[in-house]
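Peer 1: requesting a structural model of the entry that follows:
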Amino acid sequence: MQPALAVIDIDITSDQDELARERLVENLKSCTQQFISPLWVSLMRERADLRVVCLVNDLVQFDDFLVDVIRSVPGVRGTSAQMAFDGVVRGEPLMDVALVNKVWDRRAAATVLVKTQPGLDREVYQALVSLPRHGQVEVVWVVKLFHSRDADLQLLLLGERTSALTGYVMGQVRTLPGVVDTQLTSVLEWLILGHTEDFIALAQRFREPEQRVG
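Peer 2: Predicted coordinates:
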């Protein structure tokens, strides 16, 4: 089976934020199993909760990873995971993320959950993949979550300012026929855990089928 992209949201008890974050990072850095590659952990702006992004090579062992590496951390109140088995991850902006702890300046970032109208799913996905290039916003990925209760598609955006990301979603995403609703969540901080080869493997796994025009 091809690897999957896992986005894991972690709810933290309100008085244990720092302890939980430190222990979680320690666990992720110590995670050497070949079936999973933690790429980064990020702090979400709306709350002091965490998000872990991984490339999963063996879904059979994914539950053990959640239980032993994440849910065993003191202060973790709950977890929810979104799995993407198809979509597009663009290599150039993804490598910008990979360098965030090194030379990347502090740019804005956000994930966008998209609800689509049933029957127009393929049309909306193709429209998002084909969005024209924008001077202030880069689309890192468009991945499919049709099995999820919360959303049908997910985008990861990078930009110069949070206002640019918000404007991009309002003007380019929410205006597409078949888009029912969107939810934007800003990323406050990043800690990159993956190696360069992990990010390359992710981009190759979710390769863009053809070069965009524009």
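
Peer 1: between the two ends of stretch 138-149, how far is it?
Peer 2: Its start and end residues considered, stretch 138-149 measures 26 Å (C-alpha to C-alpha, to the nearest Å).

Peer 1: which residues are in contact with that stretch?
Peer 2: Stretch 138-149 is touched from outside by 5, 82-90, 92-94, 96-97, 113, 121, 125, 128-129, 131, 151-159, 206, with contacts defined as C-beta atoms under 8 Å, 6 or more residues apart in numbering. Bear in mind the C-beta positions are built from the backbone N, C-alpha and C, glycine included.

Peer 1: same question for stretch 181-197.
Peer 2: Contacting residues not belonging to stretch 181-197 are listed as 25, 28-29, 37-46, 51, 55, 95, 97-101, 108-115, 151, 162, 165-166, 169, 173-174 [C-beta under 8 Å, 6+ apart].

Peer 1: narrow those residues to those that are buried.
Peer 2: By the neighbour-count criterion of 16 or more other C-beta atoms under 10 Å, the contacts of stretch 181-197 include these buried positions: 25, 28, 37-44, 51, 55, 97-98, 100, 108-115, 151, 162, 165-166, 169, 173.

Peer 1: which pLDDT value belongs to the nearest residue in space to residue 173 that is not next to it in sequence?
Peer 2: Nearest non-adjacent residue to residue 173, counting by C-beta to C-beta, 6 or more residues apart in numbering: residue 182, 5.9 Å away. Residue 182 is assigned a predicted lDDT (pLDDT) of 97.

Peer 1: just residue 105 next, same as before
Peer 2: Turning to residue 105, the model gives it a pLDDT of 53.

Peer 1: lowest-confidence helix or strand of the chain?
Peer 2: Taking mean pLDDT, DSSP states H and E as the measure, helix 91-98 is the helix or strand of the chain with the lowest mean score, a mean of 89.

Peer 1: let's see that one as CSV, backbone CA atoms only.
Peer 2: Extracted as CSV, the C-alpha positions of helix 91-98 are listed here (Å, rounded to 0.1, in the frame of the first residue of the first chain):
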residue,chain,number,x,y,z
GLY,A,91,7.6,20.1,-3.8
GLU,A,92,8.9,23.7,-4.0
PRO,A,93,6.7,25.3,-1.3
LEU,A,94,7.0,22.1,0.7
MET,A,95,10.8,22.5,0.9
ASP,A,96,10.2,26.0,2.2
VAL,A,97,8.4,24.4,5.1
ALA,A,98,11.3,21.9,5.5
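
Peer 1: any idea how far that helix is from the chain center?
Peer 2: Distance of helix 91-98 from the chain centroid (C-alpha atoms, centre = their mean, to the nearest Å) equals 12 Å.

Peer 1: swap in stretch 38-53?
Peer 2: Once both centres are worked out by C-alpha atoms, centre = their mean, stretch 38-53 turns out to sit 9 Å from its chain's centre.

Peer 1: measure that stretch end to end?
Peer 2: From start residue to end residue, stretch 38-53 stretches across 6 Å - C-alpha to C-alpha.

Peer 1: tell me which of the contacts of stretch 138-149 fall in strands.
Peer 2: Residues of the contacts of stretch 138-149 located in strands (DSSP state E): 5, 82-84, 87-89, 113, 153-159.
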